[in-house]
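Q: Would you be able to build a 3D model of this:
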Amino acid sequence: SFEQCTSSAVAMDGTSDLSWEERAAACIEAQGQLIPATTIQVTDLVAHDDMTAIVEAFADDACSERIFMGVRGGINVGLGDDAPYHVTPLCVGHFTALPHPSPGEFDFVRSVAQTSCERDCDCIDAFKTTLGVQCTDAQKESSSVAGAPIACESGQCTTKHGFESLLVTECTEDEDCLASYPHSACNNGNCEPTSYYPLNTRHPRAFHSALETSEGQIVLAGGLARANAGVYTAIAIEPVTFDPMRMLFHAMPFEFDDDTGANHVGRAFAHARIATTSKGAPVGMAISGGFQSVNISVTPEEGVSLAVPTSGPAGAENLRSTLLTMRTEGNKTLASVYPLSVIVNGEDEEQPIAMQAGELVPNDNPETNEESTQHIHVGGIVPGDSPAAAGIQDDASVSYGNVAINCVFGKNAETGPSANCKGSRNVFLNARAGATTACFERRESDGACSKFAILGGSQAGDARVGEVFRRKTKADGTTVDSFDPLDSDTPTPLNQAKFVTTHVTGPGEVTVFGGTSGPGFGAPANVPTQALTLSGYDDSENNPELLSLEADSSALEAGIAATYRSHHASAPLPGNRVLVTGGLNANNQSTSSALIYDAGTHSYVKASIEMAHPRFGHSATAITQGPLKGAILITGGLRLVPGSDHPEFVPGSEIFIPATPAD
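A: Down below sits the predicted model:
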């Protein structure tokens with residue numbers, strides 16, 4: 001880990017029985033696992049609960065070049081305590097995987113713990129090939145060896161690994177292991193931990209929701225969490241919160257308004273945001289629509305196949321027709337469920353939907369000049385027989401949606417938050433799914449976007465690049481909302497682009513990253529990075545126009561092809577830069593590469609940055625508060641497996657620390 005940070009040896013000060021060479025070798029071998037590479041002794045602390053340790057290492061005596069840092073909270077210090085705490089070194093300018101169980105590591109620990117001995121050298125020589133060292137004749141004469149990587153205690157060899165007792169526990173089912181450690185499972189007759197929670201996430205997730213709260217914490221909710229023969233299912237797992245002040249994850253169980261609420265938790269490819277009431281009061285996280293299960297297969301020849309299962313929960317039954325709100329209170333998550341509906345012949349009709357885009361827009365009261373907001377959800381996948389359907393997909397049970405659903409949130413002191421979600425059909429010229437929204441003007445008071453467009457997602461090759469949301473005042477003084485056609489000079493087919501990510505990179509400028517353009521969802525990534533500006537928005541006689549500037553990718557070894565990716569994730573970095581991570585590349589291979597885009601020069605920075613794991617369908621979220629301010633949390637996702645068309649879940653999370661810290 002230290003060599004990864006600096007490409008050279010780093011001296012480590014601290015109290016340890018190991019030599020410098022042994023400590024360095026252990027650190028490199030650990031690769032973020034829970035193996036103590038060195039011990040830094042801290043003394044004379046005042047007894048206190050929930051303390052946080054911050055460790056920083058520098059390449060020079062002047063401390064001008066930070067090479068790694070570590071944060072660990074939740075430390076309870078009592079009188080006379082002498083306890084170690086694991087702190088993961090987060091490398092500056094690199095991705096660092098948070099601790100996660102390693103099967104190879106466990107096999108070694110288990111083998112050592114099952115070996116009988118009389119002295120340390122019995123253990124060392126038994127595993128000399130793995131360790132790369134063996135006892136000298138002088139050491140064999142002694143019962144103990146100072147600084148030995150493995151030792152003999154009470155007739156058994158030991159690595160002093162934290163999970164040693166669990167690893168030697170025999171089992172026939174998971175329940176045999178859970179009494180020893182709550183996040184463990186039975187694997188071929190032996191117990192193994194499945195997560196180092198709370199140092200890492202508790203469950204695998206993909207195509208989930210990740211949002212930052214006003215307190216700076218990052219909430220992970222929903223997503224696909226289980227796979228069986230290519231069918232990936234979103235199950236009812238509780239949300240997990242990452243606290244950057246303590247660098248710990250915390251799961252909070254659900255508590256619902258009624259017994260049916262748990263049936264609405266599992267959802268992926270949904271739209272999520274932190275919700276506020278019309279007066280700006282926080283409601284919590286709101287997640288609308290989504291799939292319960294999806295068939296996923298990926299091959300370089302045929303691309304990506306995302307299909308709604310037609311057996312089991314099929315068609316409309318597999319699409320969520322509800323909005324789920326979640327807020328924390330004490331040590332639990334309070335959840336409520338509200339219907340999504342559209343107006344059909346004057347009546348409300350349930351509207352299942354997934355893969356929709358969304359934005360927060362003004363909903364002001366002109367009589368009182370009171371600012372308020374509403375959440376608008378646009379387009380998406382809908383049932384093929386839905387009134388909002390238009391343009392049948394490959395699977396005839398689902399269709400592209402021509403619908404916009406407005407959700408207005410309220411909050412009552414006695415009853416708590418509430419939501420009312422009503423929609424309208426046939427609001428676009430073209431139905432869209434897998435599209436994205438781009439906000440060109442956002443007011444500071446409440447974050448509402450007064451000027452936004454829905455881009456891409458069309459099935460029709462001759463469709464407009466997108467449509468712009470406009471609120472017009474009629475002759476009688478009332479207002480009407482509409483989506484108007486959007487002309488464009490973009491040289492690439494953004495009209496069909498799906499799975500694009502967007503970021504505001506300048507005044508009135510939105511940059512789009514990645515995406516795949518074609519009639520379906522499986523085409524290889526082929527959309528270049530483009531900075532977009534909106535012209536003629538206030539011209540009621542003509543259509544607004546989208547002006548584009550393609551990013552300079554000449555600094556990248558593979559040129560523009562290096563920027564092609566879908567099902568990727570991106571997040572803002574300090575200095576008006578954007579980090580683009582992972583995804584499926586132009587060859588439909590999952591990638592671990594990450595790119596840095598400089599919005600000031602509209603160009604990519606020459607850099608070779610790799611994530612710890614290739615991922616797609618993951619999340620990348622900027623940390624905006626605390627000692628990790630400016631860093632990016634990467635969580636979840638899937639990766640391709642050699643010899644299989646069905647991807648596997650990526651274990652755990654990783655963190656990127658930029659070389660230039662946030663102010």
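
Q: CA atoms for contacts and neighbours, from now on please.
A: OK.

Q: Start and end of stretch 441-461, how far apart?
A: Terminal residues of stretch 441-461 are spaced 29 Å apart (C-alpha to C-alpha, to the nearest Å).

Q: what comes up buried for it?
A: Buried positions in stretch 441-461, judged by neighbour count with 16 or more other C-alpha atoms under 10 Å: 441-442, 446, 448-459.

Q: Residue 597: which of the residues you listed is nearest?
A: Comparing the buried residues of stretch 441-461 against residue 597 with C-alpha to C-alpha places residue 455 closest, at 20.8 Å.

Q: mind checking which helix or strand of this protein has the lowest mean pLDDT?
A: In the chain, no helix or strand scores lower on mean pLDDT, DSSP states H and E than helix 2-6, which sits at a mean of 41.

Q: hmm, back to that, identify the residue with the minimum pLDDT among the buried residues of stretch 441-461.
A: Model confidence across the buried residues of stretch 441-461 bottoms out at residue 446, which has 78.

Q: residue ranges of the strands in the stretch 301-450 of the chain, please?
A: Counting by DSSP state E, counting those that start in this stretch, one finds strands in the stretch 301-450 of the chain at the ranges 303-307, 322-329, 332-344, 347-350, 357-362, 373-378, 381-383, 389-392, 398-401, 403-412, 416-425, 436-442, 449-455.

Q: now for the first one, which elements pack on it?
A: By that I understand strand 303-307. In terms of contacts (3 or more C-alpha pairs under 8 Å, 6 or more residues apart in numbering; DSSP states H and E), strand 303-307 is packed against strand 293-299.

Q: Convert the C-alpha atoms of the strand it packs on to PDB, please.
A: Output of strand 293-299 as PDB, limited to C-alpha atoms (Å, rounded to 0.1, in the frame of the first residue of the first chain):
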ATOM      1  CA  SER A 293     -35.500  -7.800 -10.800                       C
ATOM      2  CA  VAL A 294     -33.700  -7.700 -14.100                       C
ATOM      3  CA  ASN A 295     -32.100 -10.300 -16.400                       C
ATOM      4  CA  ILE A 296     -28.500  -9.100 -17.100                       C
ATOM      5  CA  SER A 297     -26.000 -10.600 -19.500                       C
ATOM      6  CA  VAL A 298     -22.900  -9.000 -21.100                       C
ATOM      7  CA  THR A 299     -20.900 -10.300 -24.000                       C
END
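
Q: and that strand, what other elements does it pack with?
A: strand 231-233, strand 303-307.

Q: most packed of these?
A: Stretch with highest mean neighbour count among these: strand 231-233 (a mean of 21; mean count of other C-alpha atoms under 10 Å).

Q: State the mean pLDDT of the helix or strand following that strand.
A: For strand 231-233, the following helix or strand on the C-terminal side (DSSP states H and E) is strand 240-243. Mean pLDDT, computed over strand 240-243, is 93.

Q: can you check stretch 154-167 too?
A: The pLDDT scores in stretch 154-167 average 89.

Q: First-to-last residue distance for that stretch?
A: End-to-end for stretch 154-167, by C-alpha to C-alpha: 18 Å.

Q: Same check on stretch 84-95?
A: The straight-line separation of the ends of stretch 84-95 (C-alpha to C-alpha) is 25 Å.

Q: List the buried residues of that stretch.
A: Buried residues in stretch 84-95, defined by neighbour count with 16+ other C-alpha under 10 Å: 86-95.

Q: what's the most distant pair in those residues?
A: Checked with C-alpha to C-alpha, these reach their widest spread between 86 and 93, with 21.6 Å between them.

Q: mind showing which ranges of the stretch 401-550 of the chain have poor pLDDT?
A: 412-416, 491-492 (pLDDT under 70).

Q: what's the answer for the stretch 201-350 of the chain, then?
A: 257-262, 277-281, 309-316.

Q: let's go with 50 and repeat that
A: Flagging of the stretch 201-350 of the chain using pLDDT under 50 yields the residue ranges 310-314.

Q: OK, contacts around residue 379?
A: Going by C-alpha atoms under 8 Å, 6 or more residues apart in numbering, residue 379 touches 355-357, 400-404, 431-433, 435.

Q: try 6 Å this time
A: Taking C-alpha atoms under 6 Å, 6 or more residues apart in numbering, we find residue 379 in contact with 356, 401-403, 432-433.

Q: Of those residues, just say which sits nearest to residue 44.
A: Minimum distance to residue 44 across these is 55.4 Å, recorded for residue 356 (C-alpha to C-alpha).

Q: Report the contact partners of the closest one.
A: 378-380.

Q: again, only this time at 8 Å
A: By C-alpha under 8 Å, 6+ apart, the contact set of residue 356 is 269-271, 377-381, 433-435.

Q: In the buried residues of stretch 441-461, find the pair that's most separated.
A: Going by C-alpha to C-alpha, the pair spanning these furthest: 446 and 459, at 34.2 Å.

Q: Pull up the gap between the nearest residue to residue 209 once chain neighbours are set aside and residue 593, please.
A: Distances taken as C-alpha to C-alpha, 6 or more residues apart in numbering put residue 221 closest to residue 209, at 5.3 Å, once the chain neighbours are dropped. Separation of residue 221 from residue 593 (C-alpha to C-alpha): 25 Å.

Q: Please enumerate the helices of this protein.
A: 2-6, 20-30, 103-113, 120-126, 128-131, 137-140, 164-167, 175-178 (DSSP state H).

Q: List the buried residues of the third one.
A: Right, helix 103-113. Buried, per 16+ other C-alpha under 10 Å, within helix 103-113: 106, 109-110, 112-113.

Q: is the nearest residue in space to residue 350 that is not next to it in sequence in a bridge, and if so with what?
A: Spatial nearest neighbour of residue 350, chain neighbours left out: residue 341 (4.5 Å); criterion: C-alpha to C-alpha, 6+ apart. Applying DSSP bridges to residue 341 gives these bridge partners: residue 350, residue 422.
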